[in-house]
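**Student:** can you look at this prediction? I've put the sequence above it.
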Amino acid sequence: MTTDQRIENLEKGLASARRFNRWLLAAVGLALGIWILAGTVGPRTVEGQAEPKAVAETRRRLNAEIDLDFEKTSLDNVLKYINEAQQGLNIVIDPDIAAGGVDLSTRVVDLKVKRISVQGVLDTILEFR
């Protein structure tokens, strides 16, 4: 296999990983959105009124800063750690991800950050941006 062929294979793999990560972040975001909506039954927020307590609490947890130091750690363990560190955030992985043949335990993360928001971590490890 030539160097050009290897580079082409790596680029295809990287593109595939980025598509997966965008899909995973969308699934996690959808699960968080459903969780937020489930806790906000009642009247909608009217301009000038405070947002529902569940929405404010979720926003606070997503904006909370944390320090992380992961080396070759599986993505599912990183998400479990964040879930435990931010009690009440309830990160839920859509079962369709596993049904689609994606094993989060085989996807590894190398990440060392200080004072980054939980939302920033999710954006980073799932390469949403």
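**Tutor:** Ah, there it is.
**Student:** what segments of this structure are helices?
**Tutor:** Using DSSP state H, the helices of the chain run over 3-38, 53-63, 75-85, 95-99, 118-125.
**Student:** the first one packs against which elements?
**Tutor:** Under the contact criterion of 3 or more Cβ pairs under 8 Å, 6 or more residues apart in numbering; DSSP states H and E, the helices and strands touching helix 3-38 comprise helix 53-63, helix 95-99, helix 118-125. Where C-beta positions appear, they are placed from N, C-alpha and C, glycine not excepted.
**Student:** mind putting these into JSON lines with mean pLDDT, distance to residue 27 and mean neighbour count?
**Tutor:** Shown next, in JSON lines, are the helices and strands packed on helix 3-38 (pLDDT from 0 to 100; distance: least, Cβ to Cβ, whole Å; neighbours: other Cβ atoms under 10 Å):
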{"stretch": "helix 53-63", "mean pLDDT": "84", "distance to residue 27": "16", "mean neighbour count": "15"}
{"stretch": "helix 95-99", "mean pLDDT": "80", "distance to residue 27": "6", "mean neighbour count": "11"}
{"stretch": "helix 118-125", "mean pLDDT": "86", "distance to residue 27": "12", "mean neighbour count": "18"}
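**Student:** in JSON lines: the helices of the chain, plus distance to residue 108.
**Tutor:** Converted to JSON lines, the helices of the chain look like this (distance: least, Cβ to Cβ, whole Å):
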{"stretch": "helix 3-38", "distance to residue 108": "11"}
{"stretch": "helix 53-63", "distance to residue 108": "24"}
{"stretch": "helix 75-85", "distance to residue 108": "7"}
{"stretch": "helix 95-99", "distance to residue 108": "16"}
{"stretch": "helix 118-125", "distance to residue 108": "10"}
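**Student:** which one of those lies nearest to residue 105?
**Tutor:** Proximity to residue 105, assessed across the helices of the chain by Cβ to Cβ, is greatest for helix 75-85 (5.1 Å).
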